[in-house]
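J.: Give me coordinates for this.
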Amino acid sequence: MVFENLQLGDLVAARAASIRVWGMVSTRVAVEHLRVLLDRGLPTASCCLEAAHRSQDLVLEKKLQPRRSGRRTVIPLPCHPLQNVTMLRTFNTEADFSQMSLAMKEDIPRLHFNSDFHPCLNGPEPVEITAFRASFRLDKAYTAMSGVVKLCYSTKRAKVQHQIQDREREAVWTTRTISHHLGLDEILWQRSDWDEFPWICLPTHWGQWLGEEVLATMMLEKNLDYAHRVPVLRNPCMPIELKSFSAKWTLSNTTEPRSLFKDFVKNPSLSAEKSA
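T.: Numbering: from 1, shown residues only. Okay, here's the model as predicted:
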């Protein structure tokens, strides 16, 4: 079929030309392409970690007001502990649903002062993962299914129920685990990871089978070896290091458009094997 040889960007154009005629066909083919990209593409992840967030109750509880430096009010900057880091992907298949997970590798080389959470710059303490990006890149050997797809999540539309677990020593936490859901904002596709190719926004309903949210979990640890003095702070600034990160999607046939993709729920790699 001609549509199966089109890339995702071409399917967007075909759908825009006549949604009544090509809408259902383009959706079916696009989901097949996305399934292969997520199943076989090289996964990378980026995330944003912040101290302040929209929950006023938690702001008051954690005392996360902006600090003052002389006459100036210092607004905490966002921290980016993950920046296009290659992840490990796993699938867990049950009778009526399937899960896809991405996890950070343990042997990733890190530059502490570039990726750690610094209270002197980022706020008193980390509380919320405000943004998460998962990218899957498949090289040109897969022609129509090649390219880069990026799933963009944030807490803008999600009802965040913060789950913060601390391990304390002498009434001060040393290890913190942050876990909560983020809502899907947009799905982007790029023909190649070269800068000359623009990002194309895909219809979000093409990703309904992924669910509306992703569960992100990260574990942080205070690094005593990198503590440093800052003039405006009474106590030394103790960087907080990212120790682990994972993201989990629940793929249920109730979220698939018109139940066209039950085979993928039972076997996530089935479509990739057929397309190889």
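
J.: C-alpha only now, for contacts and for neighbours.
T.: Fine.

J.: mind listing what's buried in stretch 236-243?
T.: By neighbour count with 16 or more other Cα atoms under 10 Å, stretch 236-243 contains the buried residues 237-243.

J.: which among those residues gets closest to residue 192?
T.: Nearest to residue 192 among the buried residues of stretch 236-243: residue 242, at 29.9 Å, using Cα to Cα.

J.: list the contacts for the closest one?
T.: Residues counted as contacts of residue 242 (Cα atoms under 8 Å, 6 or more residues apart in numbering) are 81, 116, 218-221.

J.: Now with 6 Å, please.
T.: By Cα atoms under 6 Å, 6 or more residues apart in numbering, residue 242 lies in contact with residue 220.

J.: number of nearby residues for the closest residue to residue 103 other than its chain neighbours?
T.: Among residues not flanking residue 103 along the chain, residue 246 sits closest, at 4.3 Å (Cα to Cα, 6 or more residues apart in numbering). A count of neighbours around residue 246, defined by other Cα atoms under 10 Å, yields 19.

J.: give me every residue that touches residue 246.
T.: Contacts of residue 246 by Cα under 6 Å, 6+ apart are 102-103, 216-217.

J.: Secondary structure, distance to residue 6 and pLDDT added to the buried residues of stretch 236-243, as JSON lines?
T.: Output for these, formatted as JSON lines (DSSP: H, G, I helix; E, B strand; the rest coil; distance: Cα to Cα, whole Å; pLDDT from 0 to 100):
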{"residue": "237", "secondary structure": "strand", "distance to residue 6": "53", "pLDDT": "86"}
{"residue": "238", "secondary structure": "coil", "distance to residue 6": "52", "pLDDT": "86"}
{"residue": "239", "secondary structure": "coil", "distance to residue 6": "48", "pLDDT": "89"}
{"residue": "240", "secondary structure": "strand", "distance to residue 6": "46", "pLDDT": "91"}
{"residue": "241", "secondary structure": "strand", "distance to residue 6": "44", "pLDDT": "90"}
{"residue": "242", "secondary structure": "strand", "distance to residue 6": "40", "pLDDT": "91"}
{"residue": "243", "secondary structure": "strand", "distance to residue 6": "41", "pLDDT": "91"}
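
J.: out of those, who's nearest residue 203?
T.: For the buried residues of stretch 236-243, the nearest to residue 203 is residue 242 (33.2 Å; Cα to Cα).

J.: residue ranges with poor pLDDT in the protein?
T.: Along the chain, segments meeting pLDDT under 70 span 1-3, 17-23, 52-74, 108-114, 140-143, 162, 170-171, 193-195, 232-233, 252-276.

J.: hey, which strand is longest across it?
T.: strand 172-190 (DSSP state E).

J.: Adjacent strands (with direction) for that one?
T.: strand 147-154 (antiparallel), strand 163-169 (antiparallel), strand 200-202 (antiparallel), strand 213-222 (antiparallel) (DSSP bridges).
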